[in-house]
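**Q** I'll drop the sequence and a predicted model, then ask my questions.
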Amino acid sequence: MDLLPERGDHEDTTFPRLAADGRLAGFKLDGYWRGIDTVKDVKEATAEVARLGW
């Protein structure tokens, strides 16, 4: 938690720091993934899931 910025994007601060320290890993996903950061994203994702029949 100490690495998370009070303001700004963790992708610009936390992830590079973790990578430099050798503490960042990834996982390849072959399926569906969508980031949800706003209410608009939730609405769009809900529509996508309904359209896909999930």
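**A** Yep, that arrived.
**Q** Return the residues in contact with the spatially most central residue of the chain.
**A** With distances taken as CA atoms, centre = their mean, the residue of the chain nearest its centroid is residue 35 (5.1 Å). Contacts here follow CB atoms under 8 Å, 6 or more residues apart in numbering; on that basis residue 35 touches residue 41. Bear in mind the C-beta positions are built from the backbone N, C-alpha and C, glycine included.
**Q** where does it land in three-state SS?
**A** With DSSP: H, G, I helix; E, B strand; the rest coil as the basis, the three-state label of residue 35 is coil.
**Q** Now it. Its backbone dihedrals?
**A** Main-chain torsions, residue 35, degrees, to the nearest 10: phi -70, psi 140.
**Q** And residue 19, by the same measure?
**A** Here the main-chain torsion angles of residue 19 (degrees, to the nearest 10) amount to phi -60, psi -40.
**Q** thinking again about what came up before, what's the spacing between the residue nearest to the centre of the chain and residue 25?
**A** Here the criterion is CB to CB, to the nearest Å. By it, residue 35 lies 18 Å from residue 25.
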